[in-house]
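>>> got a sequence here, can you build the structure:
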Amino acid sequence: MSSSADAQANADANVDVRGTAAAPTDLSTPLMLFFSAAVGIVVVDLFAAQPLTGTISESLRLPPSLAGLVAMLPQLGYAAGLVLLVPLCDLMENRRLIVRTLAACAVFLAVPVFTRSGLLFLVAIFFAGAASSVIQMLVPMAASMAPEHRRGRAVGNVMSGLMVGILLSRPLASVIAGSVSWRGFYGVAATADALLAVALGLRLPMRRPQAATRYPDLLASLWTLLRTEPVLQRRSFSAALVMGAFSAFWTAIGLRLAQPPFGLDLHGIALFALAGATGAIVTPLAGRAGDRGIGNATLRLGHLAMLAAILAMGVAGAGWFGFAPAAHAGLAMTLLVASAAALDAGVVVDQTLGRRSINLMNPAARGRLNGIFVGMFFVGGALGAMLSGVAWSVAGWNGVCAVCFGFTGATFLLGVMKGAD
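Sure, this is the predicted structure:
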């Protein structure tokens, strides 16, 4: 760096952190599966409120102007947690930090079970979202426990739990809420997180970073890392773009499936989401591809799969190229399911290889790198959801497909122009 200030900032970003785990550092298969299940359970908290917004708003008598906060605040809280809590991985003993953060998440999730106050409910789900950032404490810890030649596979397997949790959160919430009420769902979520906190306390090894810096300097180093690390910039931007396409699709697909010729109810839409979740099976394969040195070719293949999926979405949902969905409803539904799976698979490939790249960059800043990466990921998702709603209101399914194509086309061009890391 050219200036002394930049040099000091760079030093802060690369503070020495050496794990001193009491348990073996190798990530065994059972422990890898445990990490995957853990992140899958926690991530449900962030997306499950979306199909319950109307029910919750009516029950708590929230005004229409505040109803959207039910789905938005967990996401905003999560973003805050990425900035304010996840960097603590590079400063505090990781096992204690993870267990305490997850226990706090369980407490906040329990509040909606009892409260009749809309304001208290909104505050609670914001802080529950912030504490759910514990996910991004678990992922770098798993990566740090795996040897370098298996790190891509480890990240891929843990990420499979994350992506499956995201994909299943909406149908799972609908099923539980439909059986025991929306308050019952939050009770189940709080109990699951509390039990998981106990299990993590028993299973995780100690990892005590030795960071010679202060918390304010640690936060300031986030900007330094984003400004000075081209791999982080490229991978984060790509992740934001594919998440934009993913979010645009899943925001509007329920609206399209409720229309003719499909006419699905909530249970049918939940089954569709389950079918689309099959795309997550490529996660370990993407990690292995990165370990074998073919990550960039695999990444381009994943982006091409997303483009093909969007083309099929337009054919099946909007009648592109003269196809008549009403006359071939079964084929149209099959194409939409295949499109959802292919789109999800492409997102998973991008996410897995992106995480592998940043987890190989700087072990001393692994927590902060993951926080930045996922923060960009969620910014892209929020933008995709917003544009999808606008596109649906203006141009229906054609508009949604155009939004998805814009995000995915930009991602593909970015990969072609930038080349290998």
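>>> can you map out the helices along the stretch 301-421 of the chain?
329-359, 366-418 (DSSP state H, counting those that start in this stretch).
>>> nearest to Ala37, out of those helices?
Among these, the nearest to Ala37 by CB to CB is helix 329-359 (16.9 Å). C-beta coordinates here come from the backbone N, C-alpha and C atoms, glycine included.
>>> could you list every helix and strand that the closest one packs against?
Applying 3 or more CB pairs under 8 Å, 6 or more residues apart in numbering; DSSP states H and E, one finds that helix 329-359 contacts helix 135-145, helix 151-180, helix 230-257, helix 266-276, helix 283-291, helix 295-318, helix 366-418.
>>> which of these has the highest mean neighbour count?
helix 135-145 (a mean of 25; mean count of other CB atoms under 10 Å).
>>> now that one, how far from the centre of its chain.
14 Å (CA atoms, centre = their mean, to the nearest Å).
>>> same question, stretch 57-72
24 Å.
>>> next, the buried residues of it.
Ser57, Ser59, Leu60, Leu62, Ala67, Leu69, Val70, Ala71, Met72 (16 or more other CB atoms under 10 Å).
>>> could you do stretch 316-336 as well?
Ala316, Gly317, Ala318, Gly319, Phe323, Pro325, Ala332, Met333, Leu335, Leu336.
>>> pretty sure Val113 contacts Ser181?
No - taking contacts as CB atoms under 8 Å, Val113 lies outside contact range of Ser181: 9.8 Å.
>>> of the two, give the one with the bigger neighbour count.
Val113 (18 against 15; other CB atoms under 10 Å).
>>> grab the nearest non-local neighbour of the more buried one.
Nearest non-adjacent residue to Val113, counting by CB to CB, 6 or more residues apart in numbering: Gly187, 4.7 Å away.
>>> could you say which helix or strand holds that neighbour?
Using DSSP states H and E, Gly187 falls within helix 182-203.
>>> show the average pLDDT along that helix.
Computed over helix 182-203, the mean pLDDT rounds to 93.
>>> ok, now stretch 260-275?
81.
>>> how about residues contacting it?
51, 167-168, 170-171, 174-175, 178, 250, 253-254, 256-258, 325-326, 329, 332-333, 336-337, 340-341 (CB atoms under 8 Å, 6 or more residues apart in numbering).
>>> again, only this time at 10 Å
Contact with stretch 260-275 is made by 51, 167-175, 177-178, 250, 253-258, 316-317, 324-330, 332-334, 336-338, 340-341, as judged by CB atoms under 10 Å, 6 or more residues apart in numbering.
>>> so Arg208, which state does it fall into?
Secondary structure for Arg208, judged by DSSP: H, G, I helix; E, B strand; the rest coil, is coil.
>>> quick check on it: phi, psi?
phi -110, psi 100 (degrees, to the nearest 10).
>>> on that earlier part again, for the helices of the stretch 301-421 of the chain, which has the smallest mean pLDDT value?
helix 366-418 - the lowest mean pLDDT of the helices of the stretch 301-421 of the chain, at a mean of 83.
>>> tell me which other helices or strands it touches.
helix 69-84, helix 135-145, helix 151-180, helix 215-228, helix 230-257, helix 295-318, helix 329-359 (3 or more CB pairs under 10 Å, 6 or more residues apart in numbering; DSSP states H and E).
>>> tell me the confidence at the nearest residue to Leu335 once chain neighbours are set aside?
In space, and not counting its chain neighbours, Leu335 is closest to Ala316: 3.7 Å by CB to CB, 6+ apart. You'll see Ala316 listed with a pLDDT of 94.
>>> how close does Ala316 get to Phe412?
Distance, Ala316 to Phe412, using CB to CB, to the nearest Å: 22 Å.
>>> now do Leu91
38 Å.
>>> ok so, going back, the residue nearest to Val113: what's it in contact with?
Listed by CB under 10 Å, 6+ apart, the contact partners of Gly187 are Leu109, Ala110, Pro112, Val113, Phe114, Ile176, Val180, Ser181.
>>> so how many other residues sit close to Ser28?
11.
>>> thinking again about what came up before, relative to Gly346, which of the helices and strands packed on helix 329-359 is closest?
Closest among these, using CB to CB: helix 295-318, at 3.6 Å.
>>> just give me how far that closest one sits from the chain centre.
20 Å.
>>> okay, angle between it and helix 329-359 too, please.
Relative orientation of helix 295-318 versus helix 329-359 (axes from the mean of the first three to the mean of the last three CA atoms, to 10 degrees): 150 degrees.
>>> angle of helix 295-318 against helix 366-418?
Using the same axes, to 10 degrees: helix 295-318 against helix 366-418 is 80 degrees.
>>> biggest separation within the contacts of Gly187, which pair?
Phe114 and Ile176 (17.4 Å).
>>> redo the helices and strands packed on helix 366-418 as TSV? Include distance to Ser36.
Below are the helices and strands packed on helix 366-418 laid out as TSV (distance: least, CB to CB, whole Å):
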stretch	distance to Ser36
helix 69-84	19
helix 135-145	9
helix 151-180	3
helix 215-228	26
helix 230-257	19
helix 295-318	20
helix 329-359	12
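>>> looking at those helices, which has the lowest confidence?
The bottom spot among these, by mean pLDDT, belongs to helix 151-180, with a mean of 75.
>>> picking that back up, got the CA positions of the helix holding Gly187 in CSV?
C-alpha atoms of helix 182-203 as CSV (Å, rounded to 0.1, in the frame of the first residue of the first chain):
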residue,chain,number,x,y,z
TRP,A,182,-47.8,-19.3,13.5
ARG,A,183,-46.9,-19.0,17.2
GLY,A,184,-46.3,-22.7,17.2
PHE,A,185,-43.8,-22.3,14.4
TYR,A,186,-41.8,-19.8,16.4
GLY,A,187,-41.9,-22.2,19.4
VAL,A,188,-40.5,-25.0,17.3
ALA,A,189,-37.8,-22.8,15.9
ALA,A,190,-36.8,-21.5,19.4
THR,A,191,-36.6,-25.1,20.7
ALA,A,192,-34.6,-26.3,17.8
ASP,A,193,-32.0,-23.5,18.2
ALA,A,194,-31.8,-24.1,22.0
LEU,A,195,-31.1,-27.8,21.5
LEU,A,196,-28.7,-27.0,18.8
ALA,A,197,-26.8,-24.6,21.0
VAL,A,198,-26.4,-27.4,23.6
ALA,A,199,-25.2,-29.9,21.0
LEU,A,200,-22.7,-27.4,19.5
GLY,A,201,-21.3,-26.7,23.0
LEU,A,202,-20.7,-30.4,23.4
ARG,A,203,-19.3,-31.2,19.9
